[in-house]
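[1] got a predicted structure here, sequence first:
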Amino acid sequence: MCEFCLRSGMLCSKCQEKVSNGVVDDLYMKVAQFLLSVENQNPQLQKARLNRVVSVGGFIVLVVGRGDRNRFMGEAGRLARELGGRFKRRVLVIEEGVNDRGFLEDLFTSQHIITINIIWLPDGSTETRVVLQGRGARRLSKKRIKALTEIAKKVRNMDLRVEYVY
Ligand SMILES: [Zn+2]
């Protein structure tokens, strides 16, 4: 969405079209307006692209341009935490236009990924199997894994199977 519309709360024809076809919704606008309000303290946001904002699995997921993740995280993750505090939810920043590994590294940000492979199911569909290092790591709860699996489905249409090895 353009800056004019975010600042004014009005909609130009271009942004109106984005609202009509669902690219931009109410949550997107709230997040974008918040980011605009902190742009002075976070000048790196000026060049950052916020493509979509998805609410899933108790998270707010920012789908951003390639290479823009750190811009939205802020220094030491401070901006993402601030955003999470404002919306009272966890925030995940995921880049668009990256390969599967890049996507999964953004998704399992605190975990060490050992392998990723694709499993073909009898019906022709695929599952992406992610094996995480379990030993010596802080394991994710079942609930968290379920949430991240939902995010993978919604953001990337990826069916995920998560396993730990020791
Ligand atoms: Zn506009």
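    Thanks, I have the structure now. Numbers count the residues shown, from 1 in each chain.
[2] residue 104 and the ion, how far apart?
    Distance, residue 104 to the ion, by C-beta to the ion, to the nearest Å: 34 Å. Where you see a C-beta, it was placed from the backbone N, CA and C, and this is true even at glycine.
[3] kindly report the same for residue 51.
    Residue 51 is 15 Å from the ion, by C-beta to the ion.
[4] find the nearest non-adjacent residue to that residue, please.
    residue 63 (4.9 Å; C-beta to C-beta, 6 or more residues apart in numbering).
[5] that neighbour: neighbour count?
    The local packing of residue 63 (other C-beta atoms under 10 Å) involves 21 other residues.
[6] give me the beta-bridge partners of it?
    Beta-bridge pairing for residue 63 (DSSP bridges): residue 52, residue 94.
[7] host element of the residue of the chain positioned farthest from its centre?
    In the chain, the residue that sits farthest from the middle, by C-alpha atoms, centre = their mean, is residue 122; the gap is 30.5 Å. Here residue 122 sits in a region with no helix or strand, counting by DSSP states H and E.
[8] please parse the chain into its domains.
    Listed domain ranges for the chain are 3-95, 100-165 (source: automatic domain parsing).
[9] let's have those domains in CSV, adding mean pLDDT.
    Below are those laid out as CSV (pLDDT from 0 to 100):
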stretch, mean pLDDT
domain 3-95, 92
domain 100-165, 94
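[10] coming back round to it: ok, now how distant is the residue nearest to residue 51 from the ion?
    For residue 63, the distance to the ion - C-beta to the ion - is 19 Å.
[11] correct me if wrong: that residue contacts residue 155.
    Yes - judged on C-beta atoms under 8 Å, residue 63 makes contact with residue 155 at a distance of 6.0 Å.
[12] need the residues touching each of these two.
    The contact sets of residue 63 and residue 155 overlap at 52, 54, 94 (C-beta atoms under 8 Å, 6 or more residues apart in numbering).
[13] just those residues now: which is nearest the ion?
    Distances from the ion to those, taken as C-beta to the ion, are shortest for residue 52 (16.3 Å).
[14] ok, now which ones touch that closest one?
    Counting by C-beta under 8 Å, 6+ apart, the residues that residue 52 touches are 23, 28, 62-63, 96, 155.
[15] switch the cut-off to 10 Å
    22-25, 27-28, 61-64, 94, 96, 155 (C-beta atoms under 10 Å, 6 or more residues apart in numbering).
[16] residue 117 too?
    By C-beta under 10 Å, 6+ apart, the neighbours of residue 117 are 100, 127-131, 161.
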